[in-house]
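sequence and predicted model, in that order:
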Amino acid sequence: MDRTPAPSRYAGTARHFLAVLLLIVAVPPCVSQERDNLVEATLKAVVGLRAAVPESARTARSLGTRRQGNGIVIDDEGLVLTIGYLIMEASDIEVTDGSNEYVPAEMVAYDYDSGFGLVRARQPLGIKGMSLGDSSLLTPGDAALIVAHIGPDFLQPAEVVDVREFPGYWEYLLEQAIFTAPPFQGFGGAALINTDGKLVGVGSLIVHDARTGDRPVPGNMFVPINALKPIFDDLLDIGRASGESRPWLGVHTEMDRGHLFVLRVAADGPAESVGIRRNDIIVAVNGNPVSGMAEFFRQVWATGPAGVAVRISVMREGAVKEITVESGDRYDWLRLSPGSRYSAML
């Protein structure tokens, strides 16, 4: 992987943009030095992250075996917050230190429900942690800044264009997802920073409909930082949120012309084992009609914990077929590196 540091010629532009963002809120002259220090610390806290994943990993084909993105240092002891798909099933992880050199890191947590991942550097980074903001205060029209670690476009002013529910085709549902525009290419694990210079979101996706309506606007989806706060202690203690796992079927779905289609099924997953297949149309769960992705997920999860039997009604070749799926636990399905701290957590 490329060890090239973020080009220094862009550093002045980055400082300028962040300083302007912080000036949106009036700052008395007596604290101008404090503001300048905040600018420097904020930029430095966004680090590079890369992970190596075995070829045998369940996610190797879809997410790759060499993953690279961003992380955000959130304490003074090398704890780095990132988006979970960058480190899921990783055997080796590295983050950049204060000198912009990659150093080894270890998995601390991966939480499927929120999408967050945590790693900790195995040696001092020399970086002060970024303060966490309150993502619930964000409303459409708010100014923000997206900061990544590497490349000529590693910083971009943005506008919050929506805050809404986000259903992901991989059996994922996020409450109060943050949507920004314009699109930012280096989104994976990037920091969304508010006008107080605090972290309010972690970059997850680029989407075509950050703003919905007759004229959708493309942009990015960020996981709100408030989703981390109630599970943070659990992530540090046991590597994921506590409580029973939700039932997982191993189906990827998409909405098309008002119907919920099966896009594909996970290899060796519960849905594949009972014959659910691509292009099946899901019409009901346990006899309850479903018309959208979020409704489908909620109906499945309301059935019980992982392992519960879920009755799925699918339309196939003009007829409705009832299929009972013995749900699984997605954490058990993942192929974790033997002997890794991550595998020991689960």
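Right, received. Where do you want to start?

with adjacent residues omitted, what lies nearest to residue 92?
In space, and not counting its chain neighbours, residue 92 is closest to residue 52: 4.2 Å by Cβ to Cβ, 6 or more residues apart in numbering. Every residue, glycine included, has its C-beta placed from N, CA and C.

check which helix or strand covers the nearest residue to residue 221 once chain neighbours are set aside.
Counting by Cβ to Cβ, 6+ apart, residue 205 is the residue found nearest to residue 221 once chain neighbours are left out, at 4.5 Å. Secondary structure assignment for residue 205, by DSSP states H and E: strand 199-211.

tell me the buried residues in that strand?
Across strand 199-211, burial judged by 16 or more other Cβ atoms under 10 Å covers 199-207, 210-211.

report all helices and strands that it contacts.
strand 66-73, strand 79-83, strand 155-168, strand 172-181, strand 191-193, strand 217-224 (3 or more Cβ pairs under 8 Å, 6 or more residues apart in numbering; DSSP states H and E).

how about the helices of this structure, start to end?
11-23, 32-45, 60-63, 232-238, 270-273, 293-301, 330-333, 341-345 (DSSP state H).

mean pLDDT lowest for which of those?
Ranked by mean pLDDT, the helices of the chain bottom out at helix 341-345, with a mean of 47.

any weak-confidence spans in the stretch 51-200 of the chain?
When residues are selected by pLDDT under 70, those of the stretch 51-200 of the chain lie in 150-153.

again, only this time at 90
The model of the stretch 51-200 of the chain has pLDDT under 90 over residues 150-155, 195-197.

check contacts around the nearest residue in space to residue 121 that is not next to it in sequence.
In this structure, residue 121 finds its nearest non-sequential neighbour in residue 78, 3.5 Å apart by Cβ to Cβ, 6+ apart. Applying Cβ atoms under 8 Å, 6 or more residues apart in numbering, we find residue 78 in contact with 95, 105, 120-125, 127.

one more time with 7 Å
120-121, 124-125 (Cβ atoms under 7 Å, 6 or more residues apart in numbering).

returning to that earlier point: ok, what's across the strand from the residue nearest to residue 92?
Taking DSSP bridges as the rule, residue 52 bridges to residue 66, residue 92.

thought residue 66 was touching it, still the case?
Yes: here residue 52 reaches residue 66: they are 6.3 Å apart, a contact under Cβ atoms under 7 Å.

higher neighbour count, these two?
Set residue 52 next to residue 66 and count neighbours by other Cβ atoms under 10 Å: residue 52 wins out with 14 against 10.

quick one: the more buried one from residue 215, how far?
Noted for residue 52: a distance of 42 Å to residue 215, by Cβ to Cβ, to the nearest Å.

cool, residue 117 as well?
34 Å.

ok, the two, which is more surrounded?
Neighbours were counted for residue 117 and for residue 215 using other Cβ under 10 Å; residue 117 has more, 27 against 7.

sorry, back to before: quick one, what contacts the residue nearest to residue 92?
Residue 52 neighbours (Cβ under 7 Å, 6+ apart): 65-66, 90-92.

tell me the most packed of the residues you listed, by neighbour count.
Ranked by neighbour count (other Cβ under 10 Å), those have residue 90 at the top, with 28 neighbours.

what's around the closest residue to residue 96 other than its chain neighbours, how many residues?
Nearest non-adjacent residue to residue 96, counting by Cβ to Cβ, 6+ apart: residue 48, 4.1 Å away. By the criterion of other Cβ under 10 Å, residue 48 has 26 neighbours.

right, and residue 48 touches residue 99 too?
No: between residue 48 and residue 99 there is no contact under Cβ under 7 Å: 11.9 Å.

identify the residues contacting stretch 315-324?
Under the contact criterion Cβ under 7 Å, 6+ apart, stretch 315-324 has outside partners 274-276, 280-281, 283, 309, 311-314.

from residue 215, how far off is the nearest residue to residue 192 once chain neighbours are set aside?
Closest residue in space to residue 192, ignoring its immediate chain neighbours: residue 201 at 3.5 Å, by Cβ to Cβ, 6+ apart. Here residue 201 is placed at a distance of 24 Å from residue 215 (Cβ to Cβ).

can you check residue 39 too?
35 Å.

isn't residue 223 up against residue 111?
No: if you go by Cβ under 7 Å, residue 223 and residue 111 don't touch, sitting 10.2 Å apart.

neighbour-wise, which of those two wins?
Neighbours were counted for residue 223 and for residue 111 using other Cβ under 10 Å; residue 223 has more, 25 against 18.

and that one, what does it touch?
By Cβ under 7 Å, 6+ apart, the contact set of residue 223 is 83, 114-116, 174, 177, 201-202, 204.

tell me, how many residues neighbour the nearest residue in space to residue 148 that is not next to it in sequence?
Spatial nearest neighbour of residue 148, chain neighbours left out: residue 186 (3.8 Å); criterion: Cβ to Cβ, 6+ apart. Burial measure for residue 186: 23 neighbouring residues, criterion other Cβ under 10 Å.

residue 186 contacts residue 156, correct?
No: with contacts counted by Cβ under 7 Å, residue 186 stays clear of residue 156, the gap being 8.8 Å.
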